[in-house]
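[1] Test case, fold it:
(2 chains)
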Amino acid sequence: MQARSQDFAALVKSRQVIVCVGSGGVGKTTTSAVIGLHAALEGKRVLVLTIDPAKRLANSLGIQAIGSDPSPIPLERFEEIGLSPKGTMHAMMLDMKHSFDSLVQQHAPDEDSKRNILQNKLYQYFSTSLAGTQEYAAAEKLYELYMQGDYDLIVLDTPPTSHALDFLEAPNRLVEAINSRAMQFLYKPGRASLLGVGTGYVIKTLSKFTGSELINELSGFLKAFSTLFKGFQERAAKVRELLTSDVSTFCVVTAPNAGNIDEALYFYEKLGGDHTRVGAFITNRVHPSWVPHEELAMPSMRISAALGDTMLMEGLDASEQKQFAKNIRNNASDFQVLADLDRESIQRLADKLPKELPILQVPYFSHDIHSLRGLNHVRKAIFQD
Amino acid sequence: MGKTTLASAFALSCAMQGKKTLLIELNVKDRLNSLFGAVEVGTEIVELEQNLYGVNITPEAAMEEYGIMKLKLKMVYRAVFENRLVHSFLKIIPGLNELLMLGKSHYHATEVDDSGRYIWDMVVIDAPATGHGIFFLKIPSVITSIISAGPMFHDAKRIQEFLSDESLTAINLVTLPEDMPVNETLELQQVILDELKMPIGMLVANCVYSPAFAPEQMQRLLELDPGDVDKLDCDDHMKGFVRAARFRSQRVEMQREYIERLDANKQDAQLIQTSYHFAERFDFQTIRKLAIEVRAQLDPDFQPAQHEDAPLYDTATEELSASS
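    Below is the predicted model of the structure:
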């Protein structure tokens, strides 16, 4: 465990961009904040970029709210819990709609196309829900912040996509999707004749379903959107270059139940299935093994005998002590089932990964992590500090 | 959060009451076959249990069915929908997949037999998770705000009306009694009520730990701090037992606070609590227990046929609180 923590600390130290990926609900946001906290303590200027609108991260960092501009975590928040960071920590929340709008502002060739896009109804509803747009916006923002060079380390908490690859390839996919022949047909109707006879009839039948309004809106949207392609494509190539270079690494965040482990392995494979892109696995919420198996079979009498004189059972009569002891034993058995399952899952994960890839475990705590103090507990567990 | 598990348990509880129930998965890797030990649940309806049927709706199958229904002739459908151009065109219409899946679900919910009676007494849909779930439920109103005529408009309008009618529809929210899930669920509730204007039925707090200790025992455990445990005059294994017991009590206490928060903010919804299962995997027996648990809270007079649940903790039992 110690060695893995050191490996992970070295990884964090050597990178300028860390992307945390994983399915929803496994503690990605918390993990991102913890990595940021560690690096700030070590002396780096850190930015944690999150997409999670929950106020929880803001609260846990001791600030009112995280805005769409980087907000600093005040030094006294750290001092309150006895930490004195050598570096600084900022956090910001990515507002998807806002980010995408500013992409349009940036890449549209002229005022007309800018207005056409921003005012299109389809764009307004779907700019943040079309396949890949969230990932594209996040990657783009990351690139912009990286290029500005105000931070030594940027930790990105990714949207809870079901495919990590989407994130890496979103920029290309978005361009490809809109650039497809079917799409081009709509905004460059002249080309349609190449596709053969009958197309006119087909589109006519189709618009009987959708109404011609939808087809018109769609072609208007695509026509305007296509003017952004050149900018998108160039940018997408650069973002990809950054994310696949030695400057960046991916951390797969997971939880030890079977479904989450499967998804984590899937992410790993999609990211290339080797050590070059994925730098570490972090498993949150691992049930501790409190009592070894052989002890669980002991008669509750022995528990009441051992604990009878302690402050826990002070003043209870013999039968009350016995009942208490029985509940204590049954409870430990309940949790041992979970600890065993978690251990098996993590072993299964380890068996499928190269030995040199660190897998870090964070125990399941008795309380939720929603304070800087809580983040610091997790930090200690990950970095063995 | 246990959405699929809860949807399955709720559907089973309806079937147990004699209602003919259809449980719908939406274009996901089938989980019903492992939960019900049944055959693979695909795009054709299959029987899972007595009165309970399952289906996995995919946009492709829904589109074919819809297209053939509207165009009357399979040949015409093929000519139009299987045209390569149209096919790739349909794939990129934003929201179309969601509308198709909603459309197929709505079709089943309103399907009637020759005598005009509903074929299904209850249709339960395992909908997508929060973010995508809102997008999913919003689709009909988005469509009706973009277009104003044609079959797609009318279908979207019908679906929207159906979803907003509290005599026909209830959106049930499943959450965990923990900080982030509770916040997210209460926000989701607000969006559903204010923006989507759809009725909420149940608010389910899932994975609630049974206390394992009597209140007085729990009190003693909570009064110990970690330092006290280290100082206890006993060996390390005993301390392990005490740490596990403290952990349980702290989690139970924490969950109780979040359940109170849900209760205070539930508005018109009914708060339901379902137990955490210290089990290796979910099988039919677990689903059945959950179904009985849900039904007993929805319907206080409900008496399950054979209820053999162990007491919540030794020597004393406590009734599950059903709030209304």
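[2] how about residue B:67, secondary structure?
    helix (DSSP: H, G, I helix; E, B strand; the rest coil).
[3] could you point out the longest helix in chain B?
    In chain B, taking DSSP state H as the definition, the longest helix is helix B:236-264.
[4] who does that one touch, helix- and strand-wise?
    For helix B:236-264, the packing partners by 3 or more C-beta pairs under 8 Å, 6 or more residues apart in numbering or on different chains; DSSP states H and E come out as helix A:293-296, helix A:300-307, helix A:318-352, helix B:179-190, strand B:200-208, helix B:215-223, helix B:226-231, strand B:270-275. For the C-beta atoms, the positions are set from N, CA and C on the backbone; glycine is no exception.
[5] Now do the buried residues in it.
    Buried residues in helix B:236-264, counted by 16 or more other C-beta atoms under 10 Å in any protein chain shown: B:237-255, B:258-259, B:261-262.
[6] Tell me the residues of the stretch 151-300 of chain B that contact chain A?
    B:151-153, B:178-181, B:183-184, B:212-214, B:217, B:220-221, B:224, B:228, B:232-235, B:237-238, B:240-248, B:250-251, B:254, B:278-281 (C-beta under 8 Å from any C-beta of the partner chain).
[7] I'd like to know which of the helices and strands packed on helix B:236-264 lies nearest to residue B:164.
    strand B:200-208 (11.8 Å; C-beta to C-beta).
[8] returning to that earlier point: okay if I get the helices and strands packed on helix B:236-264 as TSV plus mean neighbour count?
    Converted to TSV, those look like this (neighbours: other C-beta atoms under 10 Å in any protein chain shown):
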stretch	mean neighbour count
helix A:293-296	14
helix A:300-307	19
helix A:318-352	18
helix B:179-190	19
strand B:200-208	22
helix B:215-223	16
helix B:226-231	12
strand B:270-275	21
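[9] can you redo the ones you listed as CSV with distance to residue A:91 and mean pLDDT?
    Formatted as CSV, those follow (distance: least, C-beta to C-beta, whole Å; pLDDT from 0 to 100):
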stretch, distance to residue A:91, mean pLDDT
helix A:293-296, 43, 89
helix A:300-307, 45, 93
helix A:318-352, 30, 95
helix B:179-190, 16, 89
strand B:200-208, 30, 96
helix B:215-223, 33, 96
helix B:226-231, 30, 86
strand B:270-275, 34, 96
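[10] which stretch among those comes nearest residue B:68?
    Of all the helices and strands packed on helix B:236-264, strand B:200-208 comes closest under C-beta to C-beta, at 33.6 Å.
[11] and the top strand by length along chain A, what's its mean pLDDT?
    Criterion DSSP state E: the longest strand present in chain A is strand A:278-286. The average pLDDT within strand A:278-286 is 95.
[12] That one packs against which elements?
    helix A:2-14, helix A:28-41, strand A:248-254, helix A:258-270, helix A:318-352, strand A:359-363.
[13] Could you rerun that using 7 Å?
    helix A:2-14, strand A:248-254, helix A:318-352, strand A:359-363 (3 or more C-beta pairs under 7 Å, 6 or more residues apart in numbering or on different chains; DSSP states H and E).
[14] My understanding was that residue B:98 contacts residue B:137; is that so?
    No. Taking contacts as C-beta atoms under 7 Å, residue B:98 lies outside contact range of residue B:137: 8.8 Å.
[15] Determine the angle, from 0 to 180 degrees, between the longest helix of chain B and strand B:270-275.
    Relative orientation of helix B:236-264 versus strand B:270-275 (axes from the mean of the first three to the mean of the last three C-alpha atoms, to 10 degrees): 170 degrees.
[16] what about helix B:236-264, average pLDDT?
    Rounded mean pLDDT across helix B:236-264 is 96.
[17] what's the spacing between it and its chain's center?
    Centroid displacement of helix B:236-264 relative to its chain, using C-alpha atoms, centre = their mean, to the nearest Å, is 26 Å.
[18] Could you pull up the residues touching residue A:104?
    The contact partners of residue A:104, taken as C-beta atoms under 7 Å, 6 or more residues apart in numbering or on different chains, are A:114, A:117-118, A:228.
[19] ugh, typo on my part, it should be residue A:28
    Neighbours of residue A:28 in contact, by C-beta under 7 Å, 6+ apart: A:20, A:22, A:157, A:253.
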